[in-house]
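Participant: Sharing a model prediction with you, sequence too.
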Amino acid sequence: MKKEIDNTQIDFSVLGNMAIPEIETTPLKAVKKKEQEEIRQEAIGEADSIEDFEKADTKPEGETTEETEEAELKEPSEDTDDKTGNEEISAIKGLALWAKEKKLINFEDDKFEDTEEWLENTLSAKVQKDLQAEIQTYKETLPEVIKTVLNNYEEGVPLDELIFSKSREIEYNNITEKQLEDNKELQKRIVSDWLYNQDYTEEEVNDTIKKYEDSLLLDDQSKIALKKNKLFEQKYQEGLQKAAQEKRDVQKEKYLIAVKNLEKEILTSEEIIPGIKLSQEERKKIFEARTKTDAKGKTPLTKAIENDPKAWDKITQFMVLMNGNLDSVKTKLTTQATQKVKETVNAIPAKNSTLEKINLTKIKKAIELSKRQTKI
């Protein structure tokens, strides 16, 4: 409770000596009215006539009409969300747009798919592309011979044969004719290499070298053999590359034929699991699950198997124990349903039941009587 103040105890005489300015007592409403009138008169002076002014909207501030309310609803307010700027988007799209802005990935708007798989594949493709670019950049810093070996190996050329042949080519290129003239053993080895390349036996090689020595032709023959050895290794490497290319072509052709046969087999089969009909769309999905790969080279089937720890157990059960069909499942379900019906029937009381008390003779007589009455 507030304590009341006794005014009789307060001395106001001290206020008489203070210079307090005079306060205008004009009411606030009167001031507002005066200001409004001044604004009105000024507006009237700017209008063509008082009549035009009166026709204008002169509603006091704060008042609204149906027209203004409707206009305000149509005009976007500051608090209204901009549909393009503040559009609600999923976490996947938000992440994709952020990655695109940071130039981590790039995609066309009409190609965007709001799925985790699409985002994963897009990111994986970008990583693979960047990785290949880095590998290529690294290759350019390597010696030409190493770069050639790597490129050939990636194309399927057997690495051991390639390295052996390339090392021999490098060795031959580093031997000069001057070195051959001063080194008898080197001459013999160069000639031997050439003869072995021509499928000479060891005995034939030894006999030929002896003849060259006896006839003083070993020096000249070694220089000729050196040139032939260089050419031989080059041709041999070209042969390795050609064989690898032919192998790739054969494998590619086999793959295309296998995919074509698989497509025909699946798309023309009304059912794969006996007893389960498939629509055309379902067949197409099965085909794509077998053949369509993502940036990592995985198909929807392989990913489904990887994501399910018991996938191979399920496949084994279906293919081995169930023979790839659902007959055993149907039999089991039928047995269960039959057992359920039996249990339900057996649950009906055998004695003192309502059915037992029904007199069928009386029912027949009632039906006959009803027929007679209908005829009458």
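Facilitator: Structure's in. What do you need? Numbers count the residues shown, from 1 in each chain.

Participant: Below-threshold pLDDT in the stretch 51-200 of the chain: ranges please.
Facilitator: 51-87 (pLDDT under 70).

Participant: ok, which stretches of it are strands?
Facilitator: With strands called from DSSP state E, counting those that start in this stretch, the stretch 51-200 of the chain shows none.

Participant: hey, where'd the helices end up in it?
Facilitator: Assigned by DSSP state H, counting those that start in this stretch, the helices in the stretch 51-200 of the chain fall at 66-74, 91-101, 116-140, 144-154, 159-173, 177-181, 184-197.

Participant: what do you get for the stretch 201-350 of the chain?
Facilitator: Under DSSP H, counting those that start in this stretch, the stretch 201-350 of the chain gives helices at 202-214, 218-267, 280-291, 300-307, 311-316, 327-346.

Participant: I273: which of the helices of the stretch 51-200 of the chain is closest?
Facilitator: Closest to I273 of the helices of the stretch 51-200 of the chain is helix 116-140 (CB to CB; 25.4 Å). All C-beta atoms are positioned from the backbone trio N, CA, C, and that covers glycine.

Participant: List the buried residues for that closest one?
Facilitator: 118-119, 121-123, 126 (16 or more other CB atoms under 10 Å).

Participant: which of the helices of the stretch 51-200 of the chain is buried the deepest?
Facilitator: Counting by mean count of other CB atoms under 10 Å, helix 184-197 has the highest mean neighbour count of the helices of the stretch 51-200 of the chain, with a mean of 18.

Participant: Which neighbouring elements make contact with that helix?
Facilitator: Here helix 184-197 touches helix 177-181, helix 202-214, helix 218-267, going by 3 or more CB pairs under 8 Å, 6 or more residues apart in numbering; DSSP states H and E.

Participant: For V157, find the nearest of these.
Facilitator: Per CB to CB, nearest to V157 of those: helix 218-267, 4.7 Å.

Participant: distance of L186 from A96?
Facilitator: Distance, L186 to A96, using CB to CB, to the nearest Å: 66 Å.

Participant: How about W194?
Facilitator: From W194 to A96 the distance is 63 Å (CB to CB).

Participant: and what of T299?
Facilitator: Counting by CB to CB - T299 and A96 are separated by 23 Å.

Participant: on that earlier part again, now render the helices and strands packed on helix 184-197 as a markdown table, adding distance to E171.
Facilitator: Shown next, in a markdown table, are these (distance: least, CB to CB, whole Å):
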| stretch | distance to E171 |
| --- | --- |
| helix 177-181 | 12 |
| helix 202-214 | 19 |
| helix 218-267 | 9 |
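
Participant: and E88, which of the ones you listed is closest to it?
Facilitator: Closest among these, once you apply CB to CB, is helix 218-267, at 40.0 Å.

Participant: So which elements touch the closest one?
Facilitator: helix 144-154, helix 159-173, helix 177-181, helix 184-197, helix 202-214, helix 280-291.

Participant: try 6 Å
Facilitator: helix 159-173, helix 177-181, helix 184-197, helix 280-291 (3 or more CB pairs under 6 Å, 6 or more residues apart in numbering; DSSP states H and E).

Participant: what about those helices, which gets the closest to E246?
Facilitator: Per CB to CB, nearest to E246 of the helices and strands packed on helix 218-267: helix 159-173, 15.5 Å.

Participant: contacting residues around that closest one?
Facilitator: Outside helix 159-173, the residues that touch it by CB atoms under 6 Å, 6 or more residues apart in numbering are 149, 152-153, 229-230, 233, 236-237.

Participant: right, and the pair among the residues you listed with maximum separation?
Facilitator: Using CB to CB, those span at most 23.2 Å, a distance reached by Y153 and N229.

Participant: which stretch in the helices of the stretch 201-350 of the chain is the model least sure about?
Facilitator: Of all the helices of the stretch 201-350 of the chain, helix 327-346 carries the lowest average pLDDT, namely a mean of 67.
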